[in-house]
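# Below: sequence and its predicted model.
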Amino acid sequence: MKVEQIYTGCLAQGAYYIESNGEAAIIDPLRETEPYIAKAKAAGVKIKYIFETHFHADFVSGHLDLAKKTGAKIIYGPTAETKFEKHLAKDGEVFKLGDVSFTVLHTPGHTPESTTFLLKDEKEKDYAIFTGDTLFIGDVGRPDLAQKNGKLTKEELASWLFDSLRNKIMTLSNDVLVYPAHGAGSACGKNMSSETWDTLGNQKKTNYALRADMTKEEFIKEVTDGLLPPPNYFQKNAALNKMGYESIDTVMKRGANALTPRAFESVANETDALILDVRSKEEFVKGFIPNSIFIGLDGSFAPWVGELIPDLMQPILIVAPKGKSTETVKRLARVGYDNAVGYLEGGFEAWINENREIDKIETIDVDTFAKEFSNELNIIDVRKPTEFIAEQVENAQNLPLGALNNSMSEISKDKKYYMHCRSGFRSTIAASILKARGFEKLVNVQGKYDDISASEIPTSDFVCPSTLKK
């Protein structure tokens, strides 16, 4: 038996490859199918099953393409209604894979169809559980993503989750391994560990939600307390996973359209495409195609795309570092942005070489910010409210990046704003969006907040975030 976790850091997502005696299963695959197919081919085994723990909201799963290419069965747990062919498993149903087996444990709570798959080894001993978003390392799945028109509340789902954990998971042996679908950085939970697997026994000791003396009422309160609104794209991705989507091969082919600067400009004008620049923040601020939006590949790329680009079908033109255009199209597709229509051949350098118009964002370091600081400055902090509350620059106003599209009316194009975040990544994204919307008087502070805090710039802490004044 072979069990391999395939972890994708930018999505904080874990897919799994399990192999036994000529057969393989994939659990919660990402959109791109080739890595799984290549593993099976190299080992000379057939992919028999694709197990889906639930309707994922934070990424588009690869179950449909993988099933078409391999003939594998898609397995969902009870109550999972879809528009495509799948096997709807019963609670307790067993699936043989070579010399091992999987037992279906219906564990509703994160979503109604959420299911845990219990792997038993060659001796029929409980070996591992693949918990999806039911149980994370250090946390459990948020119960507010599957509310249906007010008919199913987060408290009801949390109650189901309590029962699922106590009756289906915590009864298993302490040496059973826990393999979740996500780790730290995912918005599917509140406070996940950076560890990506653990033993169930250790989780019983350390995970707040598995305390033996916890009442259901206490569990519901703790699990539902402090939940931030889910990212904007979650509901759309869940719908794609449930209803179906375009083949990844078609998406990749469409995005592989190399465009000269002239053709790039023509497509931008004819399609009203969004120009997405995925270079580093340092490169972007020095010069970019006018009206470009920056979201760098070296940051949390896919989640920020999903949060800040409202329309999944928005035509997208890509400005990428050399050799990174294909990766960009793939990572867009992971979160359902399937309409990349081409990329700038030769990158930004090709644009420069033709002496075409460029734009820039005034950018300063922390030392310069400290020299220019005064109480008269208009300072925008684009970090999360929790970060802002912990400590903020004196007189700064909090405008979280995730809320930017709905908050532009709170700032004025006539005022000059100094913008910062924790590292300069989010402030560069925010500045690019504002610049494209006609805000010209922007100064981007590109540096660490720790350096701001350590400088002579006055800061304060433990205050409620204030709203921006016009």
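Done, it's in. Numbering: from 1, shown residues only.
# surely residue 343 meets residue 261?
No. If you go by C-beta atoms under 8 Å, residue 343 and residue 261 don't touch, sitting 11.6 Å apart. C-beta: built from backbone N, CA, C; applies to glycine.
# So which bits of stretch 420-437 are buried?
Using 16 or more other C-beta atoms under 10 Å as the test for burial, stretch 420-437 gives 420-436.
# I misspoke; the intended subject was stretch 239-249.
So for stretch 239-249, counting by 16+ other C-beta under 10 Å, buried means 240, 241, 242, 245, 246, 248.
# Once you drop chain neighbours, what's closest to residue 127?
Excluding the flanking residues, the one nearest residue 127 by C-beta to C-beta, 6 or more residues apart in numbering is residue 121, at 4.4 Å.
# Select from the buried residues of stretch 420-437 every entry located in strands.
Counted as lying in strands by DSSP state E, out of those, are residue 420.
# show me where pLDDT drops low in the stretch 51-200 of the chain?
For the stretch 51-200 of the chain, the stretches with pLDDT under 70 are 147-150.
# The same query, at a cut-off of 90, please.
Within the stretch 51-200 of the chain, the segments meeting pLDDT under 90 span 145-152, 185-191.
# before we move on, back to that, so which of residue 343 and residue 261 has more stuff around it?
Ranked by neighbour count (other C-beta atoms under 10 Å), residue 343 and residue 261 place residue 343 first, with 25 against 19.
# doesn't the more buried one fall inside a strand?
Yes. Remark: residue 343 belongs to a strand, assigned using DSSP: H, G, I helix; E, B strand; the rest coil.
# residue contacts, it?
Applying C-beta atoms under 8 Å, 6 or more residues apart in numbering to residue 343 gives the contacts 255, 256, 257, 258, 259, 317, 318, 319, 320, 325, 328, 329.
# Using neighbour counts, trim those to the buried set.
Using 16+ other C-beta under 10 Å as the burial test, these include 255, 257, 259, 317, 318, 319, 320, 325, 328, 329 as buried.
# residues in contact with the first one?
Going back to what we said before, that points to residue 255. With contacts defined as C-beta under 8 Å, 6+ apart, residue 255 is in contact with 318, 325, 326, 328, 329, 332, 340, 341, 342, 343.
# My guess is the third one contacts residue 252. True?
It stands for residue 326. Yes. Using C-beta under 8 Å, residue 326 is in contact with residue 252, at 7.2 Å.
# Report the backbone C-alpha coordinates of stretch 24-33 in CSV.
Backbone C-alpha positions of stretch 24-33 (Å, rounded to 0.1, in the frame of the first residue of the first chain) are rendered in CSV as follows:
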residue,chain,number,x,y,z
ALA,A,24,-5.2,3.5,-7.3
ALA,A,25,-7.6,6.0,-5.9
ILE,A,26,-7.4,9.8,-5.9
ILE,A,27,-9.0,11.8,-3.2
ASP,A,28,-10.0,15.5,-3.8
PRO,A,29,-8.0,16.0,-6.9
LEU,A,30,-7.1,19.5,-8.2
ARG,A,31,-8.3,20.6,-11.7
GLU,A,32,-5.2,19.5,-13.5
THR,A,33,-5.3,15.8,-14.1
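# what's the spacing between the helix or strand that residue 239 is a member of and its chain's center?
For residue 239, the element it lies in under DSSP states H and E is helix 234-243. Computed by C-alpha atoms, centre = their mean, to the nearest Å, the separation of helix 234-243 from the middle of its chain amounts to 14 Å.
# cool, and stretch 398-416?
23 Å.
# same thing with stretch 93-108?
The answer for stretch 93-108 is 28 Å, by C-alpha atoms, centre = their mean.
# same thing with stretch 222-239?
On C-alpha atoms, centre = their mean, the centre of stretch 222-239 falls 11 Å from that of its chain.
# This protein - how does it break down into domains?
What automatic domain parsing lists as the domains of the chain is 2-235, 246-353, 362-460.
# The shortest one - what's its average pLDDT?
Along domain 362-460, the predicted confidence averages to a pLDDT of 95.
# in stretch 266-283, what counts as buried?
Buried residues in stretch 266-283, counted by 16+ other C-beta under 10 Å: 267, 268, 273, 274, 275, 276, 277, 278, 279, 280, 281, 283.
# which two of the residues you listed lie the greatest distance from each other?
Spanning the widest gap among the buried residues of stretch 266-283 are 267 and 281, at 25.4 Å by C-beta to C-beta.
# Residue 172 versus the nearest residue to residue 460 once chain neighbours are set aside, what's the distance?
Leaving out its chain neighbours, the residue that sits closest to residue 460 by C-beta to C-beta, 6+ apart is residue 394, at 5.8 Å. Residue 394 sits 52 Å away from residue 172, going by C-beta to C-beta, to the nearest Å.
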